[in-house]
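Colleague: Next input, structure requested:
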Amino acid sequence: MKLLKNILAVRNDRFGEFLLNIPVFYAIKDTFRDSRLTVIVNPDTEPLAKMIKPINEILTWENRKHSLTEIFRFSRQIKKKQFDACLILNPSQEMNVICFLAGVPLRAGFDRKCGFLLNKKIKDQKHLALKHEIDYNLELAELINAKTGIINYTINLGDSLVSKDNLIAIHPWTSDPRKQWPIENFIALAKQCVVKFENKVIIVGKTNSPENKLFDNLGEKIKNLTNQTSLEELGLLLKKSRLLISTDSGPAHLAAAVGTPVIALFRNDLAGKTAKRWGPWGKQHIIIEKDSLGEIKVEEVLEKIKGLLNR
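Modeller: Numbers count the residues shown, from 1 in each chain. Sure thing, here's the model as predicted:
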């Protein structure tokens, strides 16, 4: 394979999934040191992409169904940039078509969704959850010979001097009801964190649920910041926090990327959705995983918090 100088990588789904490709971006630059790396992301994720050092340019392509006119127009935009290779990290029929029409010489990805348009591909076995999502992504990157000896999973918030505050962050929301720890448990947990550990608590994340209001009047030491922060602001808040408690979520991956320990609550009976594949990356985190989230008690989480705070 020739030395690649102009590389396109695509990951335009939710921001948590996007973050788990940070090691791929570093691997590309570790392998092709003089290359230019362009990344296609969902518009909502662009602020985070700007914080990832190896990325030279960002293009946006919304994660929705597009018209044929939009697809042809974007393919012409891609063709003008004369990429040597594209790495499509989330299987996408539209993106496979776009990169084919753009005439990108090396088109790599999973053999799905018009996979015949790719000339480097592997079978998508992520649903088996035999390893972490980061490992799957790095395996895909090897299709363009991008490899790394050290997995780098960090983002640059622009202020390396951010110090830890007396904060415990809680993210009680999920897009999948099957992964929801009961809201009443999160409320009890927030109250107990104030009593037992004398920490301030911030509730973070985004939701359309009316249950958001349940966190509004829990005392002066519990601040409900749901729907009130940008991704950049959320990253800074998580970096300032001593830890985050969350189910499987984008904020859990963002906390890991800024170096904040996570206590992550998982079910282990959902195929392809276990902590083995989707847990926060790193050794400093604690996973509580059971057949049912209802089996995880507030007291058990409090004990894990105590252990982390005492490290």
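Colleague: tell me the average confidence for the helix or strand hosting G235?
Modeller: Using DSSP states H and E, the element containing G235 is helix 231-240. Throughout helix 231-240, pLDDT has a mean value of 95.
Colleague: next SSE after it?
Modeller: Using DSSP H and E, the first helix or strand after helix 231-240 is strand 243-247.
Colleague: looking just at contacts, which helices and strands does the strand or helix carrying L189 meet?
Modeller: Using DSSP H and E, L189 falls within helix 183-197. Using 3 or more C-beta pairs under 8 Å, 6 or more residues apart in numbering; DSSP states H and E, the elements in contact with helix 183-197 are strand 167-171, strand 200-203, strand 222-224, helix 298-309. (Glycine included, C-beta is placed from N, CA and C.)
Colleague: What distance do you get for D34 to G103?
Modeller: 23 Å (C-beta to C-beta, to the nearest Å).
Colleague: out of those two, which sits in the busier spot?
Modeller: Higher neighbour count among D34 and G103: G103, with 12 against 8, using other C-beta atoms under 10 Å.
Colleague: would you say that one is within a helix?
Modeller: No - looking at G103 with DSSP: H, G, I helix; E, B strand; the rest coil, it is coil, so not inside a helix.
Colleague: need the contact list for it.
Modeller: K79 (C-beta atoms under 8 Å, 6 or more residues apart in numbering).
Colleague: pLDDT value on it, please?
Modeller: pLDDT, G103: 98.
Colleague: What are the phi and psi values at it?
Modeller: phi 70, psi 30 (degrees, to the nearest 10).
Colleague: measure it to V10 for me?
Modeller: Look at G103 and V10: by C-beta to C-beta, they are 16 Å apart.
Colleague: I28 against A146, yeah?
Modeller: Yes - here I28 reaches A146: they are 4.6 Å apart, a contact under C-beta atoms under 8 Å.
Colleague: hey, what's in contact with both of the two?
Modeller: Joint contacts of I28 and A146 (C-beta under 8 Å, 6+ apart) are L87.
Colleague: The stretch 51-200 of the chain: strands as residue ranges?
Modeller: Under the criterion DSSP state E, counting those that start in this stretch, the stretch 51-200 of the chain carries strands at the ranges 57-60, 85-88, 106-110, 120-122, 167-171, 200-203.
Colleague: ranking these by burial, who's on top?
Modeller: With neighbours taken as mean count of other C-beta atoms under 10 Å, the strands of the stretch 51-200 of the chain reach their highest mean count in strand 85-88, at a mean of 27.
Colleague: And the helices in the stretch 1-150 of the chain, which stretches?
Modeller: All helices of the stretch 1-150 of the chain, identified by DSSP state H, counting those that start in this stretch, fall at 15-19, 22-31, 46-49, 68-80, 93-101, 133-141.
Colleague: Out of those, the one nearest A252 is which?
Modeller: helix 15-19 (7.3 Å; C-beta to C-beta).
Colleague: Look at E299 and say how many residues are nearby.
Modeller: 10.
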